[in-house]
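Asker: Sequence and predicted structure below; questions after.
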Amino acid sequence: MTDTSLVRAALPRGFADRVEADIAAADAMMAKIREVYALYGFEAVETPFVEFTEALGKFLPDQDRPNEGVFSFKDDDEWLSLRYDLTAPLARYVAENYDRLPRPYRSYRAGWVFRNEKPGPGRFRQFMQFDADTVGAASPAADAEICMMAADVMEALGIARGDYVIKVNNRKVLDGVMEAIGLGGDANAGRRLTVLRAIDKLDRLGPDGVRALLGAGRKDESGDFTRGAGLEEGQTKDITTLLNFAGFGDLIDGSNKSTLDEWEQLRFSVNSTFQAGIAELRQIAHLTEASGYDTQRIRVDNTVVRGLEYYTGPVFEAELTFEIPGDDGKPIRFGSVGGGGRYDGLVARFRSEPVPATGFSIGVSRLLAALRAIKSPIVAAAESAGPVVVLALDRDADSMANYQRLVARLRKAGIASELYLGQGGMNAQLKYADRRGSRVAIIQGSNERNAPGGPQVTIRDLKLGAELAKSTKDRADYLELRQRAQFQAGEAELVACVNEVLARK
């Protein structure tokens with residue numbers, strides 16, 4: 001019979017718990033990213049989870065609460081919302097502290113963001129981002145620097161050159177095309193945004209899916225219908241001509257210059273907005289190449305648009321190009337693990353003067369999954385760093401005090417360690433240590449404690465012990481491994497011996 005008084009233990013859709021290995025691996029990855037950001041002179045700042053709804057750029061619709069992409073609640077007479085990214089809160093922070101901040105202001109921040117959207121495979125309502133932004137610099141040199149920093153982050157994390165690319169485009173290029181085909185002006189702002197968001201799904205939906213979203217709309221596998229931009233056939237053809245769907249994203253003759261030269265041969269090149277975008281891309285390409293970042297690392301790509309409305313110029317995307325086997329055995333790519341761009345109008349919403357800004361955001365969970373796939377040493381080391389476990393074989397007060405003394409000695413030496421506080425016997429305790437990801441277990445029974453030469457401990461290398469269990473064919477190797485996997489030492493040598501085991505590969 002079901003006990004109706006019990007509370008259901010279940011997560012809401014679109015949210016996930018994180019375990020120790022996830023947290024440790026993410027922390028290690030972000031520490032390496034932080035090093036690169038700091039190397040470029042960026043400083044840390046942190047903003048709260050909650051902002052005034054109007055500060056996020058989401059305004060009250062006609063319903064009882066603002067629910068277009070954000071989670072909101074009312075505090076007295078004002079609407080508050082959970083932040084949906086880290087950029088809009090930064091804009092508010094800079095505007096509020098404008099007079100005391102150095103300009104340009106270079107900062108980085110990591111944190112959770114929340115989207116009130118339909119969840120699905122790989123799409124969560126809560127996820128972590130790690131951003132870096134330069135506010136107060138209008139020069140394309142600031143955009144070029146963000147691209148170079150993104151490339152350096154990838155390599156600092158152990159992603160080999162050739163296994164990633166930082167793709168660069170300019171929203172002005174596509175805006176110029178849309179002006180040329182009759183989608184300019186405030187009256188068409190909504191349709192332009194729908195076009196941008198459709199193109200932003202190119203990697204996921206493919207050319208046919210994007211064409212559907214540029215036209216009447218698209219029905220997904222679940223039967224849900226997404227309304228399209230409603231473009232005419234000729235307008236859709238003009239958009240797809242720029243994207244070169246037959247081989248989208250490919251460099252022309254392997255150089256950024258030749259790619260931009262070809263774009264200028266399109267009929268849209270007479271448009272001044274289009275030309276301004278091309279000119280900025282030429283400057284970015286010149287600066288990055290002069291700094292030693294060739295097109296293998298940073299390249300112009302006409303498919304990058306970014307789906308958010310506030311981008312005004314150059315836009316970037318970090319894409320992983322290596323393949324791994326999928327669940328069905330077929331090769332898959334991770335694709336984009338971060339992106340950003342220039343957003344010159346966002347800070348200006350709070351002030352009566354223009355404030356240029358550009359930045360980049362890394363999707364922490366997606367990048368972490370990629371690092372796990374390539375067995376990154378940074379992630380592997382963090383995930384396997386369980387504590388040393390001191391077994392409690394005797395439970396009388398004096399024995400427990402002695403075990404706690406051993407744990408205290410290890411901690412004083414800076415070694416993460418714990419005393420087993422459960423009720424199981426020796427086998428159960430060793431299984432517990434395995435579950436904790438421990439490399440070392442410390443054993444001291446009455447025989448070790450009362451050894452003739454003074455108190456001793458048995459030190460067990462759990463990793464080597466596991467290898468020993470799998471390789472018992474050669475007796476000589478077996479005996480050597482066994483001697484290394486478990487040995488005795490005096491209590492005075494405890495710290496040195498544990499450090500020796502922890503240093504093993």
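Answerer: Happy to help now that I have it.
Asker: Can you show me the strands along the stretch 201-350 of the chain?
Answerer: Along the stretch 201-350 of the chain, counting by DSSP state E, counting those that start in this stretch, strands occupy 217-219, 225-227, 298-300, 314-325, 331-342.
Asker: Show me the contact partners of the second one.
Answerer: Spelled out, that is strand 225-227. 194, 213, 216-220 (CB atoms under 8 Å, 6 or more residues apart in numbering). For the C-beta atoms, the positions are set from N, CA and C on the backbone; glycine is no exception.
Asker: so which of these comes closest to Thr303?
Answerer: Closest approach between the contacts of strand 225-227 and Thr303, by CB to CB: Leu213, at 14.1 Å.
Asker: Around Tyr311, how many other residues sit close by?
Answerer: For Tyr311, the neighbour count with other CB atoms under 10 Å is 24.
Asker: my guess is it contacts Asp344, does it?
Answerer: No: taking contacts as CB atoms under 8 Å, Tyr311 lies outside contact range of Asp344: 9.2 Å.
Asker: tell me the most buried of the strands of the stretch 201-350 of the chain?
Answerer: strand 298-300 (a mean of 24; mean count of other CB atoms under 10 Å).
Asker: to the chain's geometric centre, what's the distance from it?
Answerer: 21 Å (CA atoms, centre = their mean, to the nearest Å).
Asker: tell me what it is packed against?
Answerer: helix 140-156, strand 164-170, helix 256-263, helix 272-290 (3 or more CB pairs under 8 Å, 6 or more residues apart in numbering; DSSP states H and E).
Asker: if I look at the residue nearest to Arg351 when sequence neighbours are not counted, how far off is Leu494?
Answerer: Leaving out its chain neighbours, the residue that sits closest to Arg351 by CB to CB, 6 or more residues apart in numbering is Ala95, at 5.5 Å. To Leu494, Ala95 is 57 Å away according to CB to CB, to the nearest Å.
Asker: With neighbour numbers in mind, choose between those two.
Answerer: Leu494 (23 against 18).
Asker: who touches that one in this structure?
Answerer: Neighbour list for Leu494: 406, 409-410, 442, 457, 459 [criterion: CB under 8 Å, 6+ apart].
Asker: residue farthest from the centroid of the chain?
Answerer: What lies farthest from the middle of the chain is Pro452; by CA atoms, centre = their mean that is 55.9 Å.
Asker: That one falls within a strand, correct?
Answerer: No: with DSSP: H, G, I helix; E, B strand; the rest coil as the criterion, Pro452 is coil rather than part of a strand.
Asker: check contacts around Leu101.
Answerer: Applying CB under 8 Å, 6+ apart to Leu101 gives the contacts Val94.
Asker: Under a three-state scheme, what state does it occupy?
Answerer: Following three-state DSSP, Leu101 is assigned to coil.
Asker: ok and the helix or strand hosting Glu179 relative to helix 256-263, angle-wise?
Answerer: Using DSSP states H and E, Glu179 sits in helix 171-180. If you take axes from the mean of the first three to the mean of the last three CA atoms, to 10 degrees, helix 171-180 sits at 10 degrees to helix 256-263.
Asker: Mind checking what helix or strand follows the host helix or strand of the residue nearest to Arg351 in sequence?
Answerer: In this structure, Ala95 sits in helix 87-96 according to DSSP H and E. Beyond helix 87-96 in the direction of the C-terminus, DSSP H and E gives the next helix or strand as strand 105-114.
Asker: For that next one, give me every contacting residue.
Answerer: By CB under 8 Å, 6+ apart, strand 105-114 touches 30, 34, 37-38, 40-47, 49, 70-71, 82-86, 90, 94, 125-136, 364.
Asker: Please name the strands paired to that strand in the sheet, noting orientation.
Answerer: strand 43-44 (parallel), strand 126-135 (antiparallel) (DSSP bridges).
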